[in-house]
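Chemist: Fold the following, please.
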Amino acid sequence: MDAALGELYALIENGIKPNSAATAKKHLVDRTTLYKWFQGLTVGRDTALEARRNLSQEQEEELVSNYLVGYGV
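Modeler: Numbering: from 1, shown residues only. Down below sits the predicted model:
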């Protein structure tokens, strides 16, 4: 998938209109999946989970730290 996405981005950089169906066939990946990743409609699991969190990792660590300090731990 990464190679296929890289090829599509390289085509754009060279001023060539990318053909996601042909690129997907060449790299043996699903054309719909490749198109969605290329358009930014699909993101990785880690990115999706981070977007659904109420607090960032840093905020969560600070909150826990303050909580523990408040209880003298």
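
Chemist: Give me the phi and psi for K25.
Modeler: Dihedral angles of K25 (phi, psi; degrees, to the nearest 10) stand at phi -60, psi -40.

Chemist: need the longest helix for this protein.
Modeler: helix 57-70 (DSSP state H).

Chemist: In terms of secondary structure, what does that one contact?
Modeler: Counting contacts by 3 or more CB pairs under 8 Å, 6 or more residues apart in numbering; DSSP states H and E, helix 57-70 packs against no other helix or strand. C-beta coordinates here come from the backbone N, C-alpha and C atoms, glycine included.

Chemist: Low-confidence bits of this structure, can you list those?
Modeler: 73 (pLDDT under 70).

Chemist: Just the helices from it, written as ranges.
Modeler: Remark: helices assigned in the chain by DSSP H are 2-13, 20-27, 31-39, 45-52, 57-70.

Chemist: Could I get the buried residue list for the third one?
Modeler: For helix 31-39, burial by neighbour count (16 or more other CB atoms under 10 Å) applies to 34-35, 37-38.

Chemist: How many residues are close by E7?
Modeler: 16 (other CB atoms under 10 Å).
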